[in-house]
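Engineer: Fold the following and give me the result.
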Amino acid sequence: MLADRVEVADTSAKRRTGLLKRTGLDPGEGLWIAPCEGIHTFGMKFAIDVVFLNRKKKILKVRPNMVRGRMSISLRAHSVLELPAGTLEATGTVKGDQLEFDHYDEEAAT
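Structural biologist: The predicted structure follows:
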């Protein structure tokens, strides 16, 4: 499991802001930006692991430990998953892996 608490950035405003206002990501947290072909870490306060996904959520490209002031793109990507730095190494996640997303309804779980 890469994350169990992923926020979805599915509007223009959420995609523009991304993680810029955050001071970090806790283990298990993430941001899924859709649609998205490229990201940057200008103005970020922390490093992140980046996963570029196609429409079927197959990993096209990974950027582990992407530090401040960098850009990364994948023109074939449909979305990007941003995770705490070190997540990819800890989980052994690599290009070609297939991800599965499940919706968690917090209200239904209580």
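Engineer: Can you show me the helices along the protein?
Structural biologist: 12-17, 87-91, 106-109 (DSSP state H).
Engineer: What's the separation between Ile73 and Asp26?
Structural biologist: 27 Å (C-beta to C-beta, to the nearest Å). For every residue, glycine as well, the C-beta is placed using N, CA and C.
Engineer: Neighbour count: the two, which is higher?
Structural biologist: Ile73 (14 against 9; other C-beta atoms under 10 Å).
Engineer: what's near enough to touch the residue nearest to the more buried one when sequence neighbours are not counted?
Structural biologist: Spatial nearest neighbour of Ile73, excluding adjacent residues (C-beta to C-beta, 6 or more residues apart in numbering): Gly38 at 3.4 Å. Gly38 sits next to 71-74, 77, 80 when contact means C-beta atoms under 8 Å, 6 or more residues apart in numbering.
Engineer: The closest residue to Arg63 other than its chain neighbours: neighbour count?
Structural biologist: Using C-beta to C-beta, 6+ apart and skipping residues adjacent in sequence, the residue nearest Arg63 is Val50, 4.0 Å away. Close neighbours of Val50, defined as other C-beta under 10 Å, add up to 24.
Engineer: Would you mind finding the longest strand in the chain?
Structural biologist: strand 59-66 (DSSP state E).
Engineer: for that one, packing partners?
Structural biologist: With contacts taken as 3 or more C-beta pairs under 8 Å, 6 or more residues apart in numbering; DSSP states H and E, strand 59-66 sits against strand 48-53, strand 71-73, helix 87-91.
Engineer: Brilliant, that's me finished.
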